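have a look at this fold, sequence not included:
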């Protein structure tokens, strides 16, 4: 169940930070340790926004919030003030939630700033941190392996090259058509997911389901231990069957996802080849 750890280069204040992009979380977070080490002013929170819930159902109080200059990417440039909520015990320095990732269109406009750490991590950094008073759009996490919906599209083909300066009469018409194509493409993309977005969604779904199953198994083990000895063998057999069924469904789901990705990639290659033909 190990997953590669994805990171997004950002600048916070005058520091380059490898943030964790987590579309399953409601809010942008900064660890209490990092906030103190960086000398940020930690402001108090309103009473109604102090409690968050994790994917395993546990809750925790936030320690405050920080306002800091923020931009995506490793290059120094225009930064705007951004609000981060401070959480003690966060495993990463900074975590960016789904709203910010969507706002900056990270998986399309900032693909070059995304990277994966070379090692695998059994305890991946996805947290699914949600406001207690908010539902958010995390319903896909609760879908069964059979009901999880794959919806993505291959990257649109590159724009054709601009006409040469010697063909100025056609230039304005060409630019208008290119803008119209891009707008139409953007409208279509709002209802689907790019392969990069789908990969993040898929990995978070697997991590959420793994955490949920591990918690279920832990509770089942505790329940079996408390049973009379003559009932434990039957209960353990039923639990072994339930675990086997989960593992089989998970394997089938992973295979189905990779088959879908391969199909989309092949379709993209075919489309690009067709467009490049004279």
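That came in fine, so what should we check first? Note that this is a predicted model, so its numbers are computed, not measured.

for my notes, confirm residue 117 occurs in a helix.
No. The assignment for residue 117 is strand, going by DSSP: H, G, I helix; E, B strand; the rest coil, so no helix is present there.

does it really touch residue 92, like I thought?
No. If you go by CB atoms under 8 Å, residue 117 and residue 92 don't touch, sitting 11.1 Å apart. Yep, even glycine has a C-beta here, placed from its N, CA and C like the rest.

comparing these two, which shows the higher neighbour count?
residue 92 (19 against 12; other CB atoms under 10 Å).

what about the more buried one, which SS state?
Going by three-state DSSP: residue 92 is coil.

leaving out sequence neighbours, find the closest residue to it.
residue 20 (4.5 Å; CB to CB, 6 or more residues apart in numbering).

name the helices or strands packed onto the host helix or strand of the one you found?
Following DSSP states H and E, one finds residue 20 within strand 15-21. In terms of contacts (3 or more CB pairs under 8 Å, 6 or more residues apart in numbering; DSSP states H and E), strand 15-21 is packed against strand 3-12, strand 94-96.

so what touches the shortest one?
Right, the one you point to is strand 94-96. Residues from elsewhere that reach strand 94-96, judged by CB atoms under 8 Å, 6 or more residues apart in numbering: 8, 10, 12, 17, 19-22, 25, 28-31, 34, 84, 106, 125, 127, 129.

and with 6 Å instead?
17, 19-22, 28-30 (CB atoms under 6 Å, 6 or more residues apart in numbering).

which of the helices and strands packed on strand 15-21 comes out lowest on mean pLDDT?
The weakest mean pLDDT among these belongs to strand 3-12, with a mean of 80.

helices or strands next to it in the packing?
Packing partners of strand 3-12 (3 or more CB pairs under 6 Å, 6 or more residues apart in numbering; DSSP states H and E): strand 15-21, strand 64-72, strand 114-121.

of those, which is nearest residue 235?
strand 114-121 (33.3 Å; CB to CB).

mean confidence (pLDDT) on that closest one, please.
For strand 114-121, the per-residue pLDDT averages 70.

check stretch 238-249 too.
On average, stretch 238-249 scores 94.

what of stretch 203-215?
pLDDT averaged over stretch 203-215 gives 79.

please spell out which residues along that stretch are buried.
203-213 (16 or more other CB atoms under 10 Å).

same check, this time on stretch 23-37
In stretch 23-37, counting by 16+ other CB under 10 Å, buried: 23-32, 34-35.

same deal with stretch 66-82?
Result for stretch 66-82 [16+ other CB under 10 Å]: buried residues 66, 68, 70-73, 79, 82.

residues in contact with residue 17?
10, 93-94.

between those, which has the most around it?
Busiest of the contacts of residue 17 [other CB under 10 Å] is residue 10, holding 25 neighbours.

thought residue 19 was touching that residue, still the case?
Yes. Residue 10 is within contact range of residue 19, at 4.9 Å (criterion: CB atoms under 6 Å).

that older thread, what about the residue nearest to residue 92, neighbour count?
Counted with other CB under 10 Å, residue 20 comes out at 23.

picking that back up, need the helices and strands packed on strand 15-21 in a markdown table with distance to residue 39, can you?
Converted to a markdown table, the helices and strands packed on strand 15-21 look like this (distance: least, CB to CB, whole Å):
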| stretch | distance to residue 39 |
| --- | --- |
| strand 3-12 | 12 |
| strand 94-96 | 15 |
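
what's the closest of the ones you listed to residue 236?
Here strand 3-12 is closest among the helices and strands packed on strand 15-21 (CB to CB), at 29.4 Å.

tell me the buried residues in that closest one?
3, 5-12.

partner strands of that strand, with direction?
strand 15-21 (antiparallel), strand 64-72 (antiparallel), strand 114-121 (antiparallel) (DSSP bridges).

for the first one, the averaged confidence score.
Taken as a whole, strand 15-21 has a mean pLDDT of 91.

mind listing what's buried along that strand?
Applying 16+ other CB under 10 Å to strand 15-21 flags 17-21 as buried.

redo the residues you listed as JSON lines? Include distance to residue 228.
Listed next are the buried residues of strand 15-21 as JSON lines, based on distance: CB to CB, whole Å:
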{"residue": "17", "distance to residue 228": "55"}
{"residue": "18", "distance to residue 228": "52"}
{"residue": "19", "distance to residue 228": "51"}
{"residue": "20", "distance to residue 228": "46"}
{"residue": "21", "distance to residue 228": "49"}
